[in-house]
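Visitor: Dropping the sequence and predicted coords here.
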Amino acid sequence: MVGSPVLLIAIPLLAAFLIPLLGIFWKELVRIIPGLVLGYLTILSASLYIDVLNTGTIVETIAGWRAPWGINLVFSPLTGFLATLMTFIGFIIWLYSYRFKRNVEFEAAKKYFIFLMLLVAGSIGIVITGDIFNQFVFIEIVGISAYALTAFYTGRNSAEAAFKYLIMGSLSASALLIAIILIYSQLGTLNMAEIAANIHNMPPQYRVTAMIFFIIGIGVEAEIFPLNGWAPDAYTEAPGPVGSAFAGIVVKAGIYAMVRMMFTLFDISGPMQILIIIGMITLVVAETSALRQVQLKRMLAYSSIGQMGLVLVAFGMGTKAGVFAALFLMLNHAIIKPLLFFSGSYLVFNSKEKNISEMSGLGKLMPFTAAFFALGSFAIVGLPPFAGFWSKLSVLTAAANDGLLLIIAIVLLVSIVEIVYYFRVINRIYFFKFDKATSVVPHKPRVNALIAMAILAILILVIGFYPDSVSEILNRASEDLLNTPDYIKNVLSTGQSLTY
Amino acid sequence: MNIENIEIIRIGVYATSILLILIGLYAVLTKKSLIKIIIGLSIIDGGIHLLLIGIGYIKNGTAPIFSPGFENASAQMVDPVPQALVLTAIVIGFGVTAVALALIIRLYRHHNTLKIDEIKNLKW
Amino acid sequence: MEIIYLIFILFLSGAIATFLLGKVSKRLRDIAFITTLVVPSVLFFTQINIGQTVDFSVLGIHLSWGITNFSYIFAYIVLGLGVLAGIYAVAAMKGKENLGFFFFNYILSIMAMMGILFSRDLISFFVFWEIMTWSSYLMVVFTGKDVQKVGIKYFIFSAIGAYAMLMAIVITYSLTGSMMISNLIFAFPDFEFGMQILIPVLLLIGFGVKSAMMPLHVWAVGSYSHSPMAYTAVFSGALSKMGIYGMIIVMAGLVSRIPEGYWFREVIAWMGAITAVGGTLWAVAQDDAKKMLAYSSVAQLGYIIIGIAIGTPLAMLASLFMAILHGMFKGTLFMAVGAIEKQTGTTNFTEVTGLIRKMPFTFLASLMSIIALAGIPPLGGFIGKWMLYESVIGSNHYLLIIVIFFSSTAAFLYCYKFLFGFFLGQEEKEWAHVKEAPAMMVVPMVILAIGTFIFGVFPGLILNPIDAGLQELGYAVTQGRYWEMSVLFNEWGDTVVLQPILYTILAVFVFFLAFVLTKNFKKTRYVSTKDISSSGEIPKEHENLTFSRGFFQPFLRSVEPLMRRKIDPYYNSFGRGMEAIFDFVRRIYTGNGQTYALYVVVFALLLLIFKDRLWG
């Protein structure tokens, strides 16, 4: 046993606290510590995950209180997969933003790294906790740090974006709290496993109402329509790496909370109409809105929302194939979208407006960055042989197995829209003439940023050429999500299962 | 005191909290001033906290502590969990409000207004 | 290691190596490029046996690669044209920027086409199909002209086609539980009625786009004329044949096995006929050689589609024969236009004249290809057209044959225009400096042109493999060899050699040559084309006598009603309409935080109101 899941939350929280203190001694520590922490977390979480795959779910009780009473952390094939993914993406984001704001702006970098730590800690917490109120707390931690990160740049409209995010976020947090109250008043417990075991004793009216409030409460983080008004603004105004953190980490946590709630907490089996409907609307509205965007990051934001809609559709099918496809999509999106944000924010680095029209002819001047952007675009629209294709294919086969032909048709039509707006950008980067008057001044990416992008690009190619490299993991994870009885058994029998 | 009175109190608490939530929602949805919107959000929070407390309410309840002379008092104990939850929720609400107010200062500096209608540079 | 894998690994690593070597040395890059094309081709033709397969699985789906008699026919086109056009490309693209990128995409699209031919399952088919699509897309936008319009249009149509295909693929998978093409064909007659209609329609949309079938052809002209000519030779010659390849599988494997197949055949045949007529008429109206050839390609593909749709063994034979020949002569013509563009800087008929003495080999290659295109014996085009006419008449499509006759007669007009516009006419001073293109460009053209001649005289060289391929598709041998159904071979040669024609023509040529040599040799005097004093008029040096402007106006006026209907504007306005709608949709995000809060509340209310419906 290399460590315990609780470290995954405790260490980044501690680091967030220590960063400003250690920064007093040596300013560079502010930048190094997050990297060390995230690197360690990645290794820890990966090794725990391998452990889990071999021996079975780890359930960690906090302070020795057994499951229904104490808070516990569940590190299962599903949550472990997501936690590992998040720590890894977190590490890549650190690698990319190691030189963030250079050395001159120490204060800014300090704040950035503190909130990044909180964001990662909160997101991991959302995923591995086994207690709904605890999850609420983590959602709020993520929320507060996300508001702060969104408002990072002064002098832009970032405060506006953060404020919108905050209004929606606190409204939804209230809804989440109401849902928790409803469940607690009926079942007298906050433990997910115990709720899941007893959920069918709850009167249907209460159950459905609680579920609706849950959907609203988590929907803001999961960017479902119409609760995603904040997302395009926040992605646009936040610094590039933060945008990728939103797309790669926060949304994943939100989606996880949503499906955990639907699949485990409310123990719904079979197709979930509500998820499919919401997902389809989200997908269509977001992708069509992306078509005419002027700003690059805003376009990426809408694309990100759309992808999450597709993930929800896939989860909504409720079958093994659907869940597998959804997890595959989440994995791919977590790799590809950060790559797009990374390279995209370097492409428009020196621009004030961050407009797509300013990117003409950058392909020749910034060959690597542009190539990474192109690779990311190819992958995200699902062109083979890149990673995105296999997840899209899995979604479609899963849908076809359920006979959802209309959904296949809509998803494919929307993909065409997606292709159009991504390829317009690629055309502009590569096949337009560079024009001093209108194009941005190219900004050479730093070495660490290039390494970060290269790692993601290699992953895209590996998954693209050899999708079976991840299919085993995803299979285990999707089985885990669908197997509610095992989840309940594992958690409620923690007493003997393991202590640290 | 008989059972009906307890129910009346309980319903009263619930009604008050729901009223608070609705008042807060009204403020959030109709008031144009950023400050008032934040006040509305706080009122919603207050309503929800009241709701939470209301769940654990027991007339003449005791503190949820087993101590000499109260070994068999578990039926009389107030449920401690909602209170713990409310404490946490209050802290979180405090944090959110603080961030919100900080943002409002920034917004006011940037836009020179507190009207939410006029702060929409980011759209579509 | 399996040779099949090796071929693809060679292609892929060669593409990357070519791209990277481009940063080091130009010569190394060119060598790497040619090697990457030649070595796998040699391996393919020497080491790969028909029927040899490799199997593997991805994501639990069983996939399989292997070559069949049928796909072998197309491999000739792809690799033959690919190698020759590749050699041509090295010389033609010399001095251009970004050549590493060009070669990279070139190799990738050749690889993708080979992959399509190797695929025995739908997933590999689709993967390679998409690789082919995006690599050819990157070629279309390579020159940077009109990328947002032409390029995006190409990709939208390709994506529509590919996704229609993908939908058919996933439906097939859910119905049969297997991705193998053979399983689809096997299980197809047992599908329910709706699926029997839906799957072929979706697949035909996919293949119809690539083979530029009306009304899905609108991308073709822009894309063919905008990509570098070295690539257009492959694009029009080989890549569009992939659509034909798929279409044949659908028509022979699926459509022919259901009762409703008849209607499919009629509809597709007529679509092909409309494609042929429309393409021809528009080709006649063009003044730009690239556009003319592009429309001509569309028209020729229309003929091929007619043959496939008719679906009798003879029609299939004719179509496949024409597909190969079209790859050869259209490849040559595009290369010739590329050579002219490189030497003169323009491809407009109204500007360039009198190149016949300056670019004699280009002229020779163009002449032979044009003859093949027009379908005049003894070149290959004749045999294909003859068999097509015969099969159309033989299957009682009399109205169709009138349409085809009309369009192939009209085709003579643009054939003439091509030869006259570029090569004949007065020699203008402006083009006095023009020289013949480099040998590396000329040789591939001439080889292909000679090929059209050889296949015209010895059609058995390719009719035999086509025959084997057709038997693989399930056309049972009823009377020996399919070509024996054709009058052509019954009357003029009971083997598939058309020597009698060859001998006749050779005799005429020899006679003519002898006549010229003996009678007029001494008196031969070389004059400039302006020296027409024999007509009683001596034009001034600067006077332009070329009348390559406004060709065929009376004809075009008479067919003008046919050409008035263009489908392109409809697509464009549809696209604009969609964009306007999408632009409207995004106004949901008003930018007002309060509205967003309202959305949260309204969403909650909606869910609460409809909760009974949503959870049953």
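Guide: Yep, that arrived.

Visitor: Need phi/psi at C:Gly237.
Guide: The phi and psi values for C:Gly237, taken as degrees, to the nearest 10, are phi -80, psi -40.

Visitor: same check, this time on C:Phe56
Guide: phi -160, psi 180.

Visitor: repeat for the one 4 residues further on
Guide: As for C:Gly60, its main-chain torsions (degrees, to the nearest 10) stand at phi 80, psi 10.

Visitor: where's it relative to A:Ala400, distance?
Guide: Separation of C:Gly60 from A:Ala400 (CB to CB, to the nearest Å) stands at 15 Å. For the C-beta atoms, the positions are set from N, CA and C on the backbone; glycine is no exception.

Visitor: Please enumerate the strands of the stretch 51-200 of chain C.
Guide: C:53-58, C:61-66 (DSSP state E, counting those that start in this stretch).

Visitor: Mind jotting down where the helices sit in the stretch 51-200 of chain A?
Guide: Assigned by DSSP state H, counting those that start in this stretch, the helices in the stretch 51-200 of chain A fall at A:77-96, A:106-128, A:132-150, A:158-187, A:192-198.

Visitor: thinking again about what came up before, can you redo the strands of the stretch 51-200 of chain C as JSON lines, where the extra columns are mean pLDDT, distance to C:Phe103 and mean neighbour count?
Guide: Formatted as JSON lines, the strands of the stretch 51-200 of chain C follow (pLDDT from 0 to 100; distance: least, CB to CB, whole Å; neighbours: other CB atoms under 10 Å in any protein chain shown):
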{"stretch": "strand C:53-58", "mean pLDDT": "86", "distance to C:Phe103": "27", "mean neighbour count": "13"}
{"stretch": "strand C:61-66", "mean pLDDT": "88", "distance to C:Phe103": "25", "mean neighbour count": "18"}
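
Visitor: follow-up on the earlier one: ok, C:Gly60 and A:Ala400, which is more surrounded?
Guide: A direct count of neighbours by other CB atoms under 10 Å in any protein chain shown for C:Gly60 and A:Ala400 places A:Ala400 higher, at 22 against 10.

Visitor: Quick check: that one touching C:Thr176?
Guide: No: look at A:Ala400 against C:Thr176 with CB atoms under 8 Å: they stay out of range, at 11.1 Å.

Visitor: any idea what sits nearest residue 276, other than its immediate chain neighbours?
Guide: Picking chain A for this. What sits nearest to A:Ile276 in space, not counting adjacent residues and going by CB to CB, 6 or more residues apart in numbering or on different chains, is A:Gly316, at 3.8 Å.

Visitor: looking at chain C here, not the other one
Guide: Using CB to CB, 6+ apart, the nearest residue to C:Ala276 is C:Gly302, at 3.2 Å.

Visitor: Can you classify the one you found as helix, strand or coil?
Guide: For C:Gly302, the assignment made with DSSP: H, G, I helix; E, B strand; the rest coil gives helix.

Visitor: neighbours around it, how many?
Guide: 28.

Visitor: just the one 5 residues further on next, same as before
Guide: Burial of C:Gly307 is recorded as 29 neighbouring residues (other CB under 10 Å).

Visitor: How about the contacts made by the residue in chain B positioned nearest to chain C?
Guide: For chain B, the residue closest to chain C is B:Lys123, as judged by CB to the nearest CB, at 2.6 Å. With contacts defined as CB atoms under 8 Å, 6 or more residues apart in numbering or on different chains, B:Lys123 is in contact with C:Tyr589, C:Thr590, C:Gly591, C:Asn592.

Visitor: Mind pulling up the pLDDT for A:Gly169?
Guide: A:Gly169 carries a pLDDT value of 90.

Visitor: quick one: it from C:Phe349, how far?
Guide: Counting by CB to CB, the gap from A:Gly169 to C:Phe349 is 66 Å.

Visitor: got it, and A:Leu176?
Guide: 72 Å.

Visitor: The two - which one has more neighbours?
Guide: Taking A:Leu176 and C:Phe349 together and counting by other CB under 10 Å, A:Leu176 has the greater number of neighbours (28 against 23).

Visitor: Just give me the neighbour total for the nearest residue to that one once chain neighbours are set aside.
Guide: Sequence neighbours aside, A:Gly217 is the residue nearest to A:Leu176 in space, at 2.7 Å (criterion: CB to CB, 6+ apart). The local packing of A:Gly217 (other CB under 10 Å) involves 28 other residues.

Visitor: And A:Gly217, how far from A:Phe136?
Guide: 8 Å.

Visitor: Now for these two: what residues contact both?
Guide: Contacts common to A:Gly217 and A:Phe136, judged by CB under 8 Å, 6+ apart, are A:Ala173, A:Leu176, A:Leu177.

Visitor: want to try TSV for those residues, with pLDDT and distance to C:Arg257 as columns?
Guide: Listed next are these as TSV, based on pLDDT from 0 to 100; distance: CB to CB, whole Å:
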residue	pLDDT	distance to C:Arg257
A:Ala173	90	60
A:Leu176	91	57
A:Leu177	90	62
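
Visitor: quick one: which of the residues you listed is nearest to chain B?
Guide: A:Leu177 (5.1 Å).

Visitor: Any idea how many residues pack against the residue lying closest to the closest one once chain neighbours are set aside?
Guide: In space, and not counting its chain neighbours, A:Leu177 is closest to B:Ile48: 5.1 Å by CB to CB, 6+ apart. As a burial measure, B:Ile48 scores 26 neighbours (other CB under 10 Å).

Visitor: separation between B:Ile48 and B:Glu7?
Guide: The gap separating B:Ile48 from B:Glu7 is 21 Å, by CB to CB.

Visitor: which intervals of the stretch 201-350 of chain A have sub-threshold pLDDT?
Guide: Along the stretch 201-350 of chain A, no part satisfies pLDDT under 70.

Visitor: Close to chain B: what parts of it are there?
Guide: A:Pro232, A:Asp233, A:Thr236, A:Glu237, A:Ser289 (CB under 8 Å from any CB of the partner chain).

Visitor: redo that, cut-off 7 Å
Guide: Contacts of the stretch 201-350 of chain A with chain B, taken as CB under 7 Å from any CB of the partner chain, map to A:Asp233, A:Thr236, A:Glu237.
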